[in-house]
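fold the stuff below for me.
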Amino acid sequence: MAKIPTPHIGAREGEIAEKVIMAGDPLRAKFMAENFLENPVQYNNVRGMLGYTGEYKGKRVSVQGHGMGIPSIGIYTYELFNFYGVKSIIRTGSAGAYHPDLQLGDVVVGIGACTDSNYGAQYGLPGIFSPTADFALARAAVEKAEQMGVRYKVGNILSSDVFYGDSADGWKAWQKMGVLAVEMEAAALYMNAARSGNKALCICTISDSLVTGEACSAEQRQTSFTNMMEIAFDII
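Now for the predicted structure:
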C-alpha cells in the first residue's frame, strides 16, 4: 500500500472497504452514502470525486464517484483494485436503450461490454479481448431484481467513447448485434478487474431510448435509479 494516497484518491490505508459501489456522478455517490449507508465517513474529495465508507446491513461498503468515460473510470478502478486492495466493484449508471423492449427505468445487467475504445490495446494481446462481468455478481443481480419485481434484461452493452456521435444512425449497427444499451465505462471496469484478478459488474438504469426518443425526467431519474442502487448494495 506504499502508493497511497494516490494522485486521485486521498484515502489512507484501511479507509476504503474491499467492496465498492461506484457512480459516474459524485453527487450520486453522495446520495447513496446518505441514503443507504449507516455512519458514512467521507474519505475522498480530490477533484470533487466524492468517496465514502460505511455499513449496509452489517457489511462494510464504500461508494465512490468515477467520472465520465473510460479514461476516468480506468484511473479510479485501477487505483482501487491495485493500490487499495478492493476485491469487488459494482458500477451503477445510466444507459441509453438500443433494444426496443427496454423501457425508461428498466434495469440492464451488463454481462458483457462491447466497446469502440482502444483501452484494451495496452495489454498487447494477440487478438480481441471480450470484457465480461463476474457471473456470480450478475446472477445475484438478476435474482434480486426478480425478488423486487423490477423489469430487467441481461446481455451485452456498449461502452462508447462518443456521446455526441457524428453518425445519427451508427447505433443501429450495434443493435443488429443484439447489444441492449449504451453507456461509457463498463468495458474499462471489466478489463481492470480481469487484469487484477478481481470481480466487477455494471448495472444500468435506462434513462433514455434511441429507439423511441424518450428520456427520463429529473423526477423519474430520482425515483427509478434507486432500484439499481438497492440491487447493488444487496449483492455486493
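
use CA for all of it now, contacts and neighbours both
OK.

Three-state assignment for the most centrally placed residue in the chain, please.
In the chain, the C-alpha closest to the average C-alpha coordinate belongs to Arg91, at a distance of 2.1 Å (CA atoms, centre = their mean). What DSSP: H, G, I helix; E, B strand; the rest coil gives for Arg91 is strand.

and for Val108?
Taken by three-state DSSP, the conformation at Val108 corresponds to strand.

same thing with the one 5 residues further on?
Assigned by three-state DSSP, the conformation of Ala113 is strand.

and it, what are its bridge partners?
Judged by DSSP bridges, the bridge partners of Ala113 are Ile157.

bridged to the residue nearest to the centre of the chain, which residues?
Arg91 has these beta-bridge partners by DSSP bridges: Met22, Cys202.

how big is the angle separating the worst-scoring helix or strand of the chain on mean pLDDT from strand 107-115?
One helix or strand of the chain scores below all others by mean pLDDT, DSSP states H and E: helix 218-235, with a mean of 86. Per axes from the mean of the first three to the mean of the last three CA atoms, to 10 degrees, the angle that helix 218-235 makes with strand 107-115 is 90 degrees.

stretch 75-93 spans what distance, first to last residue?
Using CA to CA, to the nearest Å, the gap from the first to the last residue of stretch 75-93 comes to 17 Å.

so the residue nearest to the centre of the chain touches Met22, yeah?
Yes - proximity of Arg91 to Met22 meets the contact threshold set by CA atoms under 8 Å, at 4.7 Å.
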